[in-house]
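[1] Next comes the sequence, and after it the predicted model I'd like to discuss.
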Protein chains: 2
Amino acid sequence: MTKLGMREIARRAGVAPITVSRALSRPEQVSEALRTRIMAVVAEAGFIPDRVAGSMRSSGRIIGTVVPPLINSGIAEQVKGMADACAANGYQLLLMQGEFSPAAEDQAITALLGWRPAGLVIQAFVQSRQARERIARAGVPVVEISEIRGRRPIDRVVGVSNYRAAHAMTMHLARRGYRRIGFVSTPVHGNDRLRQRRVGYRAAIRDLGPDYPAGLEVEVPITPQGGAEALSILARRDPALDVIFCSSDTLAIGAVQECHRRNWAVPGRMAVAGYGDLDLAAQIYPALTTVRVDREAMGRVAIEALIHGRREMVDVGFEIVQRESA
Amino acid sequence: MTKLGMREIARRAGVAPITVSRALSRPEQVSEALRTRIMAVVAEAGFIPDRVAGSMRSSGRIIGTVVPPLINSGIAEQVKGMADACAANGYQLLLMQGEFSPAAEDQAITALLGWRPAGLVIQAFVQSRQARERIARAGVPVVEISEIRGRRPIDRVVGVSNYRAAHAMTMHLARRGYRRIGFVSTPVHGNDRLRQRRVGYRAAIRDLGPDYPAGLEVEVPITPQGGAEALSILARRDPALDVIFCSSDTLAIGAVQECHRRNWAVPGRMAVAGYGDLDLAAQIYPALTTVRVDREAMGRVAIEALIHGRREMVDVGFEIVQRESA
DNA sequence: CTGTTAGCGCATTCAT
DNA sequence: ATGAATGCGCTAACAG
């Protein structure tokens, strides 16, 4: 049995190879009679066109993406959105897991570019200067999914203003009657998103006016234990504290746990708000009040921005999810 | 500026294109002098070899994978394991999100095969007969990540015995003194893993002997609400019920929530065990006793099995995670 | 609508 | 250790 290629399919159907090619990728350019005959042969032979060879001449249909090492929580939803949008448009997703160092990022992007992607989606701003140059030289469109405030993107951006979201949640808590709002952050160093959340919180406290107690902050590792610890620290620092706003649901869940251990009613004795709306947020007891960002939409929109060539900066927005914990 | 290719790099370095190719992929075959000179030119020009063209002649370095639509929880960890192992071995991960229908599965696999993958990782047994034929014809190695009991794989399998895991958990609960063990399942239709969990539970109840009360089961949708509902149903059916074993953590979390609502102490009034060890499992109150499977290892091992051509069936094993809820 | 010709950029094969 | 010739399988460009 000859290795199955278009040439062989064409021979069996009694046409030229290019006609098979057209029947497969632009059916409308081939007469119905030929098309039917060709498709029958293709189906019968189980022929699968070689996209590698196809990409040699026409533009490829691969979209490369670099995702952070922790594919937990939100990132997975983004990937889902990307995969869906790719499938819907006939593209394939080439996934690289990146570390956070600029060198690793550059390496990941280089590996992706080698596959002649139709575009790149990066889950943050590209940091490495070298990577930016490579991308520019390759002339490949890029979408950065990130904080959209105060940055100049390489090309297109899809994201949310973490600043506005954190600001809104802080105001929301104040409106609900909490007087002493503590803020728990994970280390903001080198992470725009986290930094903007903190900045948003501070701005809100300022906007609440001089009558309102000054802010109260602590920075802890991004683990439930970190959240528990933060609660202890802040409650000790200010006994009047009545709510803590955690810059991630993971922290918030840890804080709620700590309340259970102390037998503190949530939100009676201490209220807790999170950020992210993880799956768990709605499922723990009490259900978590948090900030929700539609990560799946971010992924989908990123791919669409790439494919349809929209050059705008897309803000997918956020939502304050009011549940029981605050 | 000429489009940068090996030809141009070769010209600048004063060598033949093939020498550049060798310097890049088999450095040991090129003299140090030339290699150094070539690498300098490559770096200076920011040259990235075209892997698409490269794959035309040599075998590609892409591994295709089909993942279920819900990239939540465990699947994300598997993908992480795969991505890591791919990166460590110089491969790229081509990700397709598959639906569960055989037709969609076939389509996904076809799309992947078009890219001449070095191998395929499928997150279940391939169901579609057509897909199996395509894979066979393409001669591509496949790893199925799945239930490993009682199935004949296409090629290689990496997985765990859901049967043994569920059996072990049931025995574990009995050993801890629970007398009436209910089992909550999600619909097992068409899903080996879920079916084997139920079979394992039943076998354990049988093994516990005639003195032990007969099993008590219910099947509900895989949502926290399903778990809450299951608790209500089983508790009504048998007031002596003292523990429920849920075939997924999602259900278990819902059941625990329902206990909170009823003011039932967990595990005092009702104990709950889960399956899967989601992130949340350790974080809810009380922390969930569950079955843990190292999904990340599954992903990693799958890729390694593919690359290193191991043809065995790998059982990554499981672990009973004893926490507070049961 | 269909076919002919040519070549995408690299790595294999065979020489030197 | 280096190079020349050749073609991987497909599709763009140009005919007919």
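    Received, thanks.
[2] From now on I want contacts and neighbour counts done on CA atoms only, so please keep to that.
    Noted.
[3] what does the helix or strand containing A:V157 contact?
    Taking DSSP states H and E as the criterion, A:V157 maps to strand A:156-160. Outside strand A:156-160, the residues that touch it by Cα atoms under 8 Å, 6 or more residues apart in numbering or on different chains are A:141-148, A:293, A:298, A:301-302, A:305, A:310-318.
[4] Now the following helix or strand past it: average pLDDT?
    Counting by DSSP H and E, the next helix or strand C-terminal to strand A:156-160 is helix A:162-175. Average pLDDT, helix A:162-175: 97.
[5] Return the distance of helix A:162-175 from the chain's centre.
    Centre-to-centre, helix A:162-175 and its host chain are 21 Å apart (Cα atoms, centre = their mean, to the nearest Å).
[6] Just the local confidence number for A:L251, please.
    Reading off the model, A:L251 has pLDDT 95.
[7] how near is the residue most central in space within chain A to A:R61?
    Nearest to the mean C-alpha position of chain A, by Cα atoms, centre = their mean, lies A:Q78 at 4.3 Å. According to Cα to Cα, to the nearest Å, A:Q78 and A:R61 sit 20 Å apart.
[8] Can you pull the phi/psi pair for A:Y178?
    Phi and psi for A:Y178, reported as degrees, to the nearest 10, are phi -70, psi 140.
[9] tell me, how many neighbours does it end up with?
    Neighbours of A:Y178 under the rule other Cα atoms under 10 Å in any protein chain shown: 18.
[10] How about the contacts made by it?
    Contacts of A:Y178 by Cα under 8 Å, 6+ apart are A:D242, A:V243.
[11] Now, of the contacts of strand A:156-160, which are buried?
    By neighbour count, with 16 or more other Cα atoms under 10 Å in any protein chain shown, the contacts of strand A:156-160 hold A:141-148, A:293, A:298, A:301-302, A:305, A:313-315, A:318 as buried.
[12] what's the distance between A:P221 and A:S185?
    The value you get for A:P221 to A:S185, if Cα to Cα is used, is 8 Å.
[13] Tell me where the stretch 201-326 of chain A has strands.
    Assigned by DSSP state E, counting those that start in this stretch, the strands in the stretch 201-326 of chain A fall at A:216-219, A:243-246, A:271-273, A:290-292, A:313-315, A:319-321.
[14] Alpha carbons of the first one, as PDB, please.
    These are the backbone C-alpha positions of strand A:216-219, laid out as PDB (Å, rounded to 0.1, in the frame of the first residue of the first chain):
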ATOM      1  CA  LEU A 216      -4.700  48.200  57.000                       C
ATOM      2  CA  GLU A 217      -2.700  45.900  54.900                       C
ATOM      3  CA  VAL A 218      -0.600  42.800  55.100                       C
ATOM      4  CA  GLU A 219       1.200  40.700  52.500                       C
END
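[15] Pull up the pairing partners for that strand, direction included.
    Strand A:216-219 pairs in its sheet with strand A:181-185 (parallel), by DSSP bridges.
[16] could you list every residue that touches the residue in the stretch 151-300 of chain A that DNA strand C sits nearest to?
    Nearest residue of the stretch 151-300 of chain A to DNA strand C, counting by Cα to the nearest atom of the strand: A:D155, 23.5 Å away. By Cα under 8 Å, 6+ apart, the contact list for A:D155 reads A:P141, A:V142, A:V143, A:E144, A:R311.
[17] per-residue confidence for A:Y91?
    At A:Y91, pLDDT is 93.
[18] which non-adjacent residue is nearest it?
    A:R61 (4.9 Å; Cα to Cα, 6 or more residues apart in numbering or on different chains).
[19] how near is that neighbour to DNA strand C?
    A:R61 sits 15 Å away from DNA strand C, taking Cα to the nearest atom of the strand, to the nearest Å as the criterion.
[20] Please determine how far A:V20 is located from A:A40.
    Distance of A:V20 to A:A40, given as Cα to Cα: 11 Å.
[21] before we move on, the earlier item: would you pull up how far the strand holding A:V157 lies from the middle of the chain?
    Taking the mean of its C-alpha atoms, strand A:156-160 sits 10 Å from the chain's own mean (Cα atoms, centre = their mean).
[22] Convert the C-alpha atoms of that strand to CSV, please.
    What follows is strand A:156-160, C-alpha atoms only, in CSV (Å, rounded to 0.1, in the frame of the first residue of the first chain):
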residue,chain,number,x,y,z
ARG,A,156,-3.4,43.8,21.4
VAL,A,157,-4.6,43.4,24.9
VAL,A,158,-7.5,41.6,26.5
GLY,A,159,-8.0,41.9,30.2
VAL,A,160,-9.5,43.7,33.0
